[in-house]
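**Student:** Got a predicted model here, sequence first, then my questions.
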Amino acid sequence: MSEAGPYIAVVGAGHVSGELYEQAREVGRLVAERGGVVVCGGLGGVMEAAARGATEANGVAIGILPDEDRRRANKYLTYSIATGVGHARNLAVVCSADAVIAVGGEYGTLSEIGLAKKVGRPVVSLGSWELGEHVDVVAAPKEAVETAFGACGV
């Protein structure tokens, strides 16, 4: 775990609005307020919302981008890392985190959950995939962040 607090990956669909966007934004804000660092895929949707919440709370948001162009990163990131590896960047996102919070999402999110479990990261599902004992299913952003931090021993 980092001296800055745990790194929490926030994963989910690249195109969301309304309630899911606001839930991801709240997750980012709560992670930052607790001294954690948000890690995400660096583009739009849930990734943008989580980064926005973190930076609005004066926290840090790191985006790990799928391509080689940092200009595609969302404007709320503190740092962006261009990988040029496409969807394989999902592994970098989850390996960079101490825990993963999935907010909504589709098959890309499912791949991140699977990769997170493969490398031993705890996963919290907020309106996302419910995979039995493999993920902690929660109903609200505050519960998601508390569960993720608890899984990190914080």
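**Tutor:** Here it is on my side, so go on.
**Student:** Which strands or helices does the longest helix along the chain pack on?
**Tutor:** Longest helix of the chain, by residue count under DSSP state H: helix 18-33. Counting contacts by 3 or more C-beta pairs under 8 Å, 6 or more residues apart in numbering; DSSP states H and E, helix 18-33 is packed against strand 7-12, strand 37-40, helix 46-56, strand 60-65, strand 99-103, helix 141-151. Every residue, glycine included, has its C-beta placed from N, CA and C.
**Student:** Tell me which of those sits nearest to G86.
**Tutor:** For those, proximity to G86 was assessed by C-beta to C-beta; strand 60-65 is nearest, at 10.1 Å.
**Student:** Which strand or helix spans K117?
**Tutor:** Using DSSP states H and E, K117 falls within helix 107-118.
**Student:** how far off helix 46-56 does that helix point, in degrees?
**Tutor:** On the basis of axes from the mean of the first three to the mean of the last three C-alpha atoms, to 10 degrees, helix 107-118 is oriented at 70 degrees to helix 46-56.
**Student:** Could you list the residues in contact with helix 107-118?
**Tutor:** Residues from elsewhere that reach helix 107-118, judged by C-beta atoms under 8 Å, 6 or more residues apart in numbering: 9, 11-14, 87, 90-91, 93-94, 97, 100, 102, 105, 122-123, 125, 128-129, 131, 134-135.
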